[in-house]
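A.B. asks: the sequence and its predicted three-dimensional model are supplied below.
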Amino acid sequence: MTRSSISGGDRRFIQLVESHVDFIWRCLRRFGVSEGDVPDATQQVFIVAARKNDAIDIGSERQFLFRTAMRIASTQRRTRRRQREVSDEWLTDTADAGPGPDEHADESYRRRLLDQLLETLPLKLRAALVLIEIEELTMAEAAELLKVPAGTMASRLRRARNLFNRAAQELRAREGI
């Protein structure tokens, strides 16, 4: 199939995926989807988007994808809690030519701590913190993405930071970090 034979809707969907797949991947990971489930969850987000491609308003694609990712992450977390399986993420770690084992272990440890701390936050507060602190969106961009007033976003961010810092202090005390 050549580029010229692709319909307008298909072209729009391809652009949607190319523009937002990394963002959705990171958001799913930060919303508690296990590393091994992120590829499937990302695919689910874009399957929903493909089905509703014509109904997604131009200019609100990112908001649609983000809200869909939040719902899918929530479903994944509920499913994981019900299954009570032991995580096998350590089996998927592979060596690479990048950082050495110590750096990789430290980074992996820090990432697990961040995920653990984010997991303590309610989803709305976690969304605010992830978008502003991790994804580095502005307050206005995050508020627009979540379709909430700027004041609500500021309040959520303040509460998220307070809860996150409190959880981090408790973790430090418990772990002796």
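C.D. replies: Yep, that arrived. Residues are numbered from 1 along each chain as shown.

A.B. asks: lowest-pLDDT helix or strand in the chain?
C.D. replies: Here the helix or strand of the chain ranked lowest by mean pLDDT, DSSP states H and E is helix 101-119, holding a mean of 80.

A.B. asks: residue 32: what secondary structure?
C.D. replies: coil (DSSP: H, G, I helix; E, B strand; the rest coil).

A.B. asks: just the buried positions in whatever helix or strand residue 47 lives in, please.
C.D. replies: Using DSSP states H and E, residue 47 sits in helix 38-51. Neighbour-count burial for helix 38-51, with 16 or more other CB atoms under 10 Å as criterion, is recorded at 38, 41, 42, 44, 45, 46, 48, 49. Using the backbone N, CA and C atoms, a C-beta is placed for each residue, glycine as well.

A.B. asks: which regions of this protein lie under the pLDDT threshold?
C.D. replies: 1-9, 81-100, 104 (pLDDT under 70).

A.B. asks: now for the residue nearest to the spatial centre of it: which residues touch it?
C.D. replies: Nearest residue to the geometric centre of the chain (CA atoms, centre = their mean): residue 27, 1.3 Å. Applying CB atoms under 8 Å, 6 or more residues apart in numbering to residue 27 gives the contacts 66, 69, 70, 73, 130, 135.

A.B. asks: thinking the first one is in contact with residue 145, fair?
C.D. replies: Yes - counting by CB atoms under 8 Å, residue 66 sits close enough to residue 145 to count as a contact (5.5 Å).

A.B. asks: which of those two has more neighbours?
C.D. replies: Using other CB atoms under 10 Å, the more surrounded residue of residue 66 and residue 145 is residue 66, with 24 against 20.

A.B. asks: let me see the domain layout of this structure.
C.D. replies: Structural domains assigned to the chain are 7-83, 105-177, following automatic domain parsing.

A.B. asks: look up how far residue 34 lies from residue 167.
C.D. replies: Per CB to CB, to the nearest Å, residue 167 is found 20 Å from residue 34.

A.B. asks: can you check residue 67 too?
C.D. replies: Computed as CB to CB, the residue 67 to residue 34 distance reads 21 Å.

A.B. asks: if we can go back for a sec, which element is the residue nearest to the centre of the chain on?
C.D. replies: Residue 27 belongs to helix 8-30, assigned by DSSP H and E.

A.B. asks: that helix: which residues count as buried?
C.D. replies: Using 16+ other CB under 10 Å as the test for burial, helix 8-30 gives 13, 16, 20, 23, 24, 25, 26, 27, 28, 29, 30.
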